[in-house]
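1. Sequence unavailable; structure follows:
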Ligand SMILES: [Zn+2]
Ligand SMILES: [Zn+2]
């Protein structure tokens with residue numbers, strides 16, 4: 001039997017376990033940085049299989065030992081384990097048991113896929129290549145990957161592979177494109193400090209609401225005309241807070257937003273522009289404006305060699321037409337980028353749409369997947385591990 005055949009038969013031996021894993025995780029979602037029960041559940045599953053692993057010092061997230069031929073750089077499989085502050089609106093039997101918390105980004109699916117693959121790989125014994133898995137905390141708030149790296153997730157690792165469900169793509173199809181896959185992302189907070197007073201006498205105040213309204217309009221109008229329109233850039237504000245009564249001008253307004261760009265330089269240019277516009281607006285309105293920018297999260301770059309291995313594997317498993325290889329990058333962000341900044345990586349977009357149903361987008365209360373994606377994801381990851389390890393060795 002070839003490695004692929006052995007792997008497929010180990011996965012088949014797991015039967016419906018992968019669905020049980022996913023449904024358990026889906027029932028009991030936990031927010032970023034609070035995945036204690038999820039971590040315990042995963043640790044129990046790994047321990048039951050005698051798979052050596054460590055839990056992160058903070059109690060959230062797990063890294064397995066490196067198995068196989070540890071003289072060679074390992075291929076790591078990565079899953080994220082956090083859920084979102086969303087109230088689930090589906091009627092599935094395994095819907096979230098926690099009001100206001102939901103696995104609406106498919107991280108339950110990724111975790112089930114990597115857990116099943118880990119068990120199957122481990123049961124295969126000592127392969128000629130090295131591998132490990134890790135289960136990452138806090139992807140949705142963008143700082144979990146660094147925490148994993150600081151806890152040694154990439155030590156001894158030469159390449160990292162992950163899947164992300166894609167609700168726009170039919171189950172059975174995947175997207176594997178080399179090069180940039182997600183945008184550079186920089187979140188920002190703008191505090192506008194004015195002077196409150198009676199809404200009937202605005203001249204006695206420094207109105208932070210009027211200042212904020214002007215500032216947002218100015219940024220939205222200016223950013224696309226001050227950066228090269230051939231280079232994608234998005235600036236969006238998702239939160240605005242200030243005031244509590246119709247007839248009182250508040251003292252302060254707070255804005256929270258995000259800058260997304262396909263290139264690092266464009267993101268930096270947009271940050272400088274926003275600072276200039278804030279300074280100019282502060283002067284125009286007599287308010288004080290403070291800006292703070294979170295560290296820039298880089299874009300995910302799919303390594304050409306690993307991407308080629310994943311593509312060939314996916315074609316062999318799913319058929320040539322099932323694999324799309326030339327898709328435009330997303331303006332979304334993904335902290336998998338922290339890994340691809342350090343070692344070659346590949347993120348596979350895993351079709352999860354049931355062809356007979358409407359699309360249910362990520363991060364919505366209606367989000368759901370066709371569970372057929374689970375076994376496909378595990379078969380794919382289980383097989384690409386060996387090919388990727390080989391490809392890296394030839395390269396290195
Ligand atoms: Zn998400
Ligand atoms: Zn996600």
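-> Nice, thanks for sending it over. In this text the structure is predicted, and so the values were computed from the model without any measurement. Ligands and ions are numbered 1, 2, ... in the order given.

2. Settle this for me: residue 42 is touching residue 112, isn't it.
-> No: counting by CB atoms under 8 Å, residue 42 stays clear of residue 112, with 10.1 Å between them. Where C-beta positions appear, they are placed from N, C-alpha and C, glycine not excepted.

3. other SSEs contacting whichever strand or helix holds residue 380?
-> According to DSSP states H and E, residue 380 maps onto helix 372-395. Applying 3 or more CB pairs under 8 Å, 6 or more residues apart in numbering; DSSP states H and E, we find helix 372-395 packed against helix 3-13, helix 17-27, strand 74-80, helix 107-123, strand 130-136, strand 157-170, helix 304-318, strand 345-353.

4. Give me the angle between that helix and strand 345-353.
-> Helix 372-395 runs at 160 degrees relative to strand 345-353, counting by axes from the mean of the first three to the mean of the last three CA atoms, to 10 degrees.

5. closest one to residue 330 among the helices and strands packed on helix 372-395?
-> strand 345-353 (9.1 Å; CB to CB).

6. what pLDDT, on average, does the closest one get?
-> Summarised as a single mean, pLDDT over strand 345-353 is 98.

7. That one - contacts with which helices or strands?
-> strand 157-170, strand 174-175, strand 301-302, helix 304-318, helix 372-395.

8. Other residues contacting the fourth one?
-> Around helix 304-318, the neighbours that count as contacts under CB atoms under 8 Å, 6 or more residues apart in numbering are 159, 161, 172-174, 176-179, 322-323, 325, 344-346, 348, 376, 379-380, 383-384, 387-388, 390-392, 395.

9. Give the other helices and strands that the helix or strand following that helix contacts.
-> Using DSSP H and E, the helix or strand that follows helix 304-318 towards the C-terminus is strand 323-324. Secondary-structure packing of strand 323-324 (3+ CB pairs under 8 Å, 6+ apart): strand 174-175, helix 304-318.

10. so which of these gets nearest residue 366?
-> When the helices and strands packed on strand 323-324 are compared (using CB to CB), the closest one is strand 174-175, at 22.2 Å.

11. What does the residue located most distally from the centre of the chain show for phi and psi?
-> In the chain, the greatest distance from the average C-alpha position (CA atoms, centre = their mean) is reached by residue 201, at 47.6 Å. As for residue 201, its main-chain torsions (degrees, to the nearest 10) stand at phi -130, psi 60.

12. From residue 104, how far out is the nearest residue to residue 324 once chain neighbours are set aside?
-> Distances taken as CB to CB, 6 or more residues apart in numbering put residue 175 closest to residue 324, at 4.6 Å, once the chain neighbours are dropped. According to CB to CB, to the nearest Å, residue 175 stands 20 Å off from residue 104.

13. Look at those two and report which has more neighbours.
-> residue 104 (28 against 20; other CB atoms under 10 Å).

14. mind checking pLDDT for that one?
-> 98.

15. what about it, is that helix, strand or coil?
-> coil (DSSP: H, G, I helix; E, B strand; the rest coil).

16. Check residue 155 too.
-> Assignment for residue 155 (three-state DSSP): coil.

17. That one - how many residues pack around it?
-> So residue 155, with other CB under 10 Å, has 11 neighbours.

18. Can you list the low-confidence ranges for the chain?
-> 396 (pLDDT under 70).

19. Can you give the domain ranges for it?
-> Listed domain ranges for the chain are 3-180+299-395, 184-293 (source: automatic domain parsing).

20. Now do the same contact list for residue 243.
-> By CB under 8 Å, 6+ apart, the neighbours of residue 243 are 209, 249-250, 253.

21. rerun that using 10 Å as the cut-off
-> By CB atoms under 10 Å, 6 or more residues apart in numbering, the contact list for residue 243 reads 196, 199, 208-209, 249-253.
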